[in-house]
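Visitor: here you go, sequence then predicted model.
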Amino acid sequence: MNKQEIKQERAQGIAAGVLFYFIALVWIMISIPVLFMNPILAAAIFILLCGLATYKIIYTCMVYKKDKIEKEKEETNTRMKSINKIIDIFALIIYLFVSFTTMAWHITWIIFIIAELVKEIVKLLIDVKGEKNEE
């Protein structure tokens, strides 16, 4: 089974689970007022349908686990998280140093916006480097 087929099977399984949730909602909306069903029985069937929906989604996600490419992305995300933490620490140090020395607390918060921009630039550079390595 290739990657595209796996994605399609995963999407169909999750869609089926969501469909069960919608069926459960429709059931509870019409079973008591329209079909004059016992509320306890109607609620039990509703809970059963929700359980089936949850089972279908969890089963699908467990059967069609993440493939190698997604694991590599997770490793990149772990690296990015570490880099982001380092940038945040430096931003905080710079913020406190500049704020205490200049007492310009009302404007030095902009350092955190600059830090976020730096994080996005680093992320972009890592993505570009990764694309070059794939070629």
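Guide: That came in fine, so what should we check first? Since the model is a prediction, treat every value here as computed from it, not as a measurement. Residues are numbered from 1 along each chain as shown.

Visitor: alpha carbons only for contacts and neighbour counts from here, please
Guide: Fine.

Visitor: which strands and helices lie in contact with the lengthiest helix in the chain?
Guide: The longest helix of the chain (DSSP state H) is helix 68-102. Helices and strands touching helix 68-102, by 3 or more Cα pairs under 8 Å, 6 or more residues apart in numbering; DSSP states H and E, are helix 110-134.

Visitor: count of neighbours near residue 31?
Guide: By other Cα atoms under 10 Å, the residues close to residue 31 number 18.

Visitor: I'd say it and residue 42 touch.
Guide: Yes - at 6.2 Å, residue 31 counts as touching residue 42 under the criterion of Cα atoms under 8 Å.

Visitor: domain map for the chain?
Guide: 3-63, 68-134 (automatic domain parsing).

Visitor: how far off centre is the last one?
Guide: This means domain 68-134. 20 Å (Cα atoms, centre = their mean, to the nearest Å).

Visitor: oh, and call the first residue 604 from now on, that's how I've got it
Guide: Let's use 604 as the start, then, which means that last one is domain 671-737.

Visitor: I'd like the next helix or strand past the helix or strand containing residue 615.
Guide: Using DSSP states H and E, residue 615 maps to helix 606-634. Per DSSP H and E, the first helix or strand lying C-terminal to helix 606-634 is helix 642-666.

Visitor: tell me which residues in that following helix are buried?
Guide: For helix 642-666, burial by neighbour count (16 or more other Cα atoms under 10 Å) applies to 645-646, 648-649, 652-653, 655-657, 659-660, 663.
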